[in-house]
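1. the following comprises the amino acid sequence and a computationally predicted model.
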Amino acid sequence: MELTIRRSLDGVFFIDCGDEQRCFAMWLERELNNDRDFVAQLLGRLKCLQALDELRIDSAEFRFVANRDEVLIKVSTDTLGEDVIDQLDDLNLDAAESACGYDDFLLLLQNIIDY
């Protein structure tokens, strides 16, 4: 998975994981900018998953589901706010989801922490 991380002069993180992973980038950006420890805490929770366990996190805009095989995030259109719609301007809401392998996602999170 491609990854570009930038930080503005005022400390705001910008994450780009490519077009296919746009939902991950938007969600991680939002959560990380609200809580600097979010990514490290998420990584810890994911590493504790057992074979049949599943981690679900629902926020106002996104639904995140992970197991030891796959990580999935999708836009929750039920409570979609105008700010998210603005960010999704080129993204078809029917395809507003991202998925990747468990190990790839752990690597992505570790790279964000190491940044």
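-> That came through, no problem.

2. how about residue 49, secondary structure?
-> Here residue 49 is recorded as coil under DSSP: H, G, I helix; E, B strand; the rest coil.

3. if we ignore the residues flanking it in sequence, what's nearest it?
-> residue 68 (5.6 Å; CB to CB, 6 or more residues apart in numbering). Every residue, glycine included, has its C-beta placed from N, CA and C.

4. which parts of the strand or helix carrying residue 72 are buried?
-> Counting by DSSP states H and E, the element that carries residue 72 is strand 70-75. Residues 71-75 are the ones in strand 70-75 that count as buried (16 or more other CB atoms under 10 Å).

5. what is the burial count for residue 54?
-> The local packing of residue 54 (other CB atoms under 10 Å) involves 10 other residues.

6. check contacts around the residue nearest to residue 49.
-> Residues near residue 68 by CB atoms under 8 Å, 6 or more residues apart in numbering: 49-51, 53, 102.

7. same thing with residue 32?
-> 13, 15, 38-39, 112.

8. and the residues you listed, which of them are in helices?
-> 38-39, 112 (DSSP state H).

9. quick one: find the helix or strand in the protein with the lowest mean pLDDT.
-> Sorted by mean pLDDT, DSSP states H and E, the helices and strands of the chain end with helix 82-87, the least confident at a mean of 58.

10. now the nearest residue to residue 70 once chain neighbours are set aside: which helix or strand?
-> Excluding its sequence neighbours, the residue lying closest to residue 70 (CB to CB, 6+ apart) is residue 99, at 6.0 Å. Counting by DSSP H and E, the element that carries residue 99 is strand 97-101.
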